[in-house]
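Asks: okay, sequence plus prediction incoming.
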Amino acid sequence: MIRFEKVSKAYPGQANAALDTVSVDVEKGEFVFLVGTSGSGKSTFLRLVLREYRPTAGRIYVGGKEINRLASWKVPRMRRQIGTVFQDFRLLNNKTVDENVAFALQVIGRSRSEIKKVVPETLEMVGLEGKGDRMPDELSGGEQQRVAIARAFVNRPQILICDEPTGNLDPTTSVGIMKLLDRINRTGTTVVMATHDAGIVDQMRKRVIELDHGRVIRDQAQGVYGFQH
Ligand SMILES: Nc1ncnc2c1ncn2[C@@H]1O[C@H](COP(=O)(O)OP(=O)(O)OP(=O)(O)O)[C@@H](O)[C@H]1O
């Protein structure tokens, strides 16, 4: 589903590459944690999958297509198969919960009748039934993140990319969010999640890819956060 072949990325004016000859293969339906100290390249990896940047060298395939060869006008369609969830939720604060989730479908041209059906279903799935009329600032952090996940998942993308989704949440709330991401993964969605949350990584026992100075230094099935050497 996601394949990096000897991918390097150097930002302009930076002496060291943010990613250095990274080769990784993520199969459809996998759940993968990306770990590593601050600045090790996790966000750069995720942004390359979204083609927010192009690599300096190497090839990236998403859903079998080499995304760097894709014409710019095809990029929005490619991104539709990828949902994104961030640490800071990124909700539209002047819109209700319903509107936030519906918006993701409106921009891809779904019909009003479909939106009316799918939005409540998705809110129920993330545990927010009955909260569609609330504004984001009337929700807890955990609930806001559930809205963000509903919005990311509402068009049933093949891939969910999460950049520190529990970074602003307390441990108990984080466990709830991880259960939800696990459920989404079980529907067949590939999940790639960058995190500093050792407790969660150790609990979930999923594949762990560790980056250090832009290089993959560990790729472990059913891994833990900090490997005992
Ligand atoms: N837009 C940019 N321009 C220049 N350098 C950048 C840019 N974005 C990231 N970098 C550099 O690339 C390297 C990797 O950064 P990246 O954000 O990918 O790390 P990270 O592992 O996600 O870190 P964190 O855990 O703090 O989010 C760092 O040295 C960073 O300073």
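Replies: Done, it's in.

Asks: so which elements touch the helix or strand where D98 lies?
Replies: According to DSSP states H and E, D98 maps onto helix 97-106. In terms of contacts (3 or more Cβ pairs under 8 Å, 6 or more residues apart in numbering; DSSP states H and E), helix 97-106 is packed against helix 112-125, helix 141-153. Just so you know, the C-beta spots here come from the backbone N, C-alpha and C atoms, and that holds for glycine as well.

Asks: so which of those helices is nearest the ligand?
Replies: helix 141-153 (17.3 Å; Cβ to the nearest ligand atom).

Asks: now do the closest one against helix 112-125, angle only.
Replies: Using axes from the mean of the first three to the mean of the last three Cα atoms, to 10 degrees, the direction of helix 141-153 lies 140 degrees away from that of helix 112-125.

Asks: next structured bit after helix 141-153?
Replies: Sequence order places strand 159-163 as the next helix or strand after helix 141-153, per DSSP H and E.

Asks: helices or strands up against the helix or strand just after that next one?
Replies: Sequence order places helix 171-186 as the next helix or strand after strand 159-163, per DSSP H and E. Using 3+ Cβ pairs under 8 Å, 6+ apart as the contact test, the elements touching helix 171-186 are strand 31-35, helix 141-153, strand 159-163, strand 190-194, helix 198-204.

Asks: contacts for helix 171-186, please.
Replies: Identification of contacts with helix 171-186 by Cβ atoms under 8 Å, 6 or more residues apart in numbering yields 29, 31, 125-127, 140-142, 145-146, 149, 153, 160, 162, 165-166, 169, 191, 193, 197, 199-200, 203-204.

Asks: now that helix against strand 31-35, angle please.
Replies: Using the same axes, to 10 degrees: helix 171-186 against strand 31-35 is 130 degrees.

Asks: what residues of helix 171-186 count as buried?
Replies: In terms of neighbour count (16 or more other Cβ atoms under 10 Å), helix 171-186 has its buried residues at 173-178, 180-181, 184-185.

Asks: what does stretch 156-167 give?
Replies: 157-166.

Asks: contact residues of the chain facing the ligand?
Replies: Contact residues, the chain versus the ligand (Cβ under 6 Å from any ligand atom): 11, 14, 18, 36, 38-44.
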